[in-house]
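S.K.: attaching a predicted model along with its sequence, questions to come.
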Amino acid sequence: MSPLPAPRTEGELLRRATDIAGCPLKELAQRAALTPPGDLRAAKGWAGTLIEAILGATAASRSEPDFQLLGVELKTIPVSREGRPRESTYVCSVPLMHASGMAWEASCVRRKLQRVLWIPIEGDATISVAERKVGYPLLWSPAFEEEAALRADWEELMDMVCLGQLEQITAHHGTHLQIRPKAANSRARRWGIGETGERISTLPRGFYLRASFTGSLLRRHFVIPP
DNA sequence: CATTGATCATGT
DNA sequence: ACATGATCAATG
């Protein structure tokens, strides 16, 4: 496949995304000269990377929005037959040091979620990766209430990170945004802040959006049925 | 059976 | 090393 030029406007991006709605992944893979894996166990990011290539994303594996010119982040999301998200959505890593006094406005969570192109993909395990179909896209920015709710979660969680309560954070915290491990394995280490303010060696963490949050936003925009 | 904690591959 | 793309697999 010849390298696709990056979309120059949101409209162009959205048109490309709409054009592939209903398409099985094998068809898109063929365009990109790729072969769909039998399962995603050893290729967890395969579908996301494929859609990036198909839509002409430019920032693969860089700390930039996927569509740099447009400031748009691409997120594929696996959905069940009923259209419900099957998984949470990774947002960004959690800053474990030097984050005291950081404002929501300056956070990576807010920056990442400022403008997102959501693309649902059939994620039922009974459907082979090749046959899974791409759904209709949603170009989304958080509504005022959504951002306020995310901000409240972020502030509560980051307070814990900065006040030495990192080890007490579990995935149960946060209504819409949660903190979970994000690492190669459970032996991975980063520096964090301990109970008495000392440096501790801890597991790297990431911010994730709960499936309930992405589900309600897809429903609210009529991308998936109620 | 939904959710949490763990994990996989690849690029810079 | 650490970011990107996420899903897997154990657990309650």
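M.R.: Arrived safely.

S.K.: give me the mean pLDDT for the host helix or strand of residue A:206.
M.R.: Using DSSP states H and E, residue A:206 sits in strand A:205-209. For strand A:205-209, mean pLDDT rounds to 98.

S.K.: next SSE after that strand?
M.R.: helix A:211-220.

S.K.: for the strand holding residue A:206, packing partners?
M.R.: strand A:89-93, strand A:177-181 (3 or more C-beta pairs under 8 Å, 6 or more residues apart in numbering; DSSP states H and E). In short, each C-beta sits where N, CA and C put it, glycine included.

S.K.: just checking, residue A:117 touches residue A:71?
M.R.: No - with contact defined as C-beta atoms under 8 Å, residue A:117 does not reach residue A:71; the gap is 11.1 Å.

S.K.: please convert the helices and strands packed on strand A:205-209 to JSON lines, extending it with distance to DNA strand C and mean pLDDT.
M.R.: JSON lines is the format used below for the helices and strands packed on strand A:205-209 (distance: least, C-beta to the nearest atom of the strand, whole Å; pLDDT from 0 to 100):
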{"stretch": "strand A:89-93", "distance to DNA strand C": "4", "mean pLDDT": "97"}
{"stretch": "strand A:177-181", "distance to DNA strand C": "7", "mean pLDDT": "98"}
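
S.K.: output the ones you listed as a markdown table; include the columns distance to DNA strand B and mean neighbour count.
M.R.: Shown next, in a markdown table, are these (distance: least, C-beta to the nearest atom of the strand, whole Å; neighbours: other C-beta atoms under 10 Å):
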| stretch | distance to DNA strand B | mean neighbour count |
| --- | --- | --- |
| strand A:89-93 | 8 | 18 |
| strand A:177-181 | 4 | 19 |
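
S.K.: could you dump those strands to CSV with distance to residue A:144?
M.R.: Shown next, in CSV, are these (distance: least, C-beta to C-beta, whole Å):
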stretch, distance to residue A:144
strand A:89-93, 19
strand A:177-181, 16
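
S.K.: can you tell which of these is closest to residue A:39?
M.R.: Among those, the nearest to residue A:39 by C-beta to C-beta is strand A:89-93 (19.7 Å).

S.K.: which element, helix or strand, includes the closest residue in space to residue A:137 that isn't next to it in sequence?
M.R.: Spatial nearest neighbour of residue A:137, excluding adjacent residues (C-beta to C-beta, 6 or more residues apart in numbering): residue A:17 at 3.7 Å. Using DSSP H and E, residue A:17 sits within helix A:10-19.

S.K.: any idea how far that helix is from the chain center?
M.R.: Distance, stretch centre to chain centre, for helix A:10-19: 19 Å (C-alpha atoms, centre = their mean, to the nearest Å).

S.K.: go on, stretch A:4-22?
M.R.: 19 Å.

S.K.: show me where pLDDT drops low in chain A?
M.R.: Along chain A, segments meeting pLDDT under 70 span A:1-3, A:223-224.
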